[in-house]
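[1] Have a look; sequence and predicted model below, questions after that.
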Amino acid sequence: MAKTANINVKLEVGLKKEVDAIFKSLGISTAEAVRLFFRKVKDFKRLPFEDDVPNEETLQVMRDTDEGKNLTEWESLDSYFNYIEENVKAENHS
């Protein structure tokens, strides 16, 4: 049998209970899920799912939007689409 190592992870109690229940519904234990995660990271050499963490530019746009800064208003959806169409054409001809 291969040598094994232990991992201790601190999690919020509610999160652990919720995720344990999901694993149970999937028919796997938490330990099996962690092993599966580690195997996938090893295979892919990255996280085995899309990284949805926004970059700084996106975070700034989100903050500006929340604060009502740097917003553009359109009279209608049609006027917005016309603007987009004109700017895409202009960019493609540059």
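    Ah, there it is.
[2] do you know how far the residue nearest in space to the middle of the chain is from K40?
    Against the mean C-alpha coordinate of the chain, by CA atoms, centre = their mean, the closest residue is D52 at 1.9 Å. In this structure, D52 lies at 17 Å from K40, with CB to CB, to the nearest Å as the measure. For the C-beta atoms, the positions are set from N, CA and C on the backbone; glycine is no exception.
[3] Domain map for this protein?
    Using automatic domain parsing, the domains assigned to the chain come out as 1-50, 56-92.
[4] can you put these in CSV and add mean pLDDT and mean neighbour count?
    Listed next are the domains of the chain as CSV, based on pLDDT from 0 to 100; neighbours: other CB atoms under 10 Å:
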stretch, mean pLDDT, mean neighbour count
domain 1-50, 94, 10
domain 56-92, 90, 10
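[5] mind listing what N6 touches?
    Applying CB atoms under 8 Å, 6 or more residues apart in numbering, we find N6 in contact with no residue.
[6] thinking again about what came up before, how about the backbone phi and psi for the residue nearest to the centre of the chain?
    Dihedral angles phi and psi of D52 (degrees, to the nearest 10) take the values phi -100, psi 20.
[7] Make 52 the starting number, not 1.
    Okay, residue one is now 52; in that scheme the one you just asked about reads as D103.
[8] Can you name every helix or strand that the one helix or strand A82 maps to contacts?
    Secondary structure here is read from DSSP states H and E; on that basis A82 sits in helix 81-95. Applying 3 or more CB pairs under 8 Å, 6 or more residues apart in numbering; DSSP states H and E, one finds that helix 81-95 contacts helix 64-77.
[9] contacts for the helix it packs on?
    Contacts to helix 64-77, defined as CB under 8 Å, 6+ apart, come from residues 80-81, 83-84.
[10] tilt between it and helix 81-95?
    Using axes from the mean of the first three to the mean of the last three CA atoms, to 10 degrees, the interaxial angle of helix 64-77 with respect to helix 81-95 works out to 80 degrees.
[11] Determine the three-state secondary structure at D117.
    For D117, the assignment made with DSSP: H, G, I helix; E, B strand; the rest coil gives helix.
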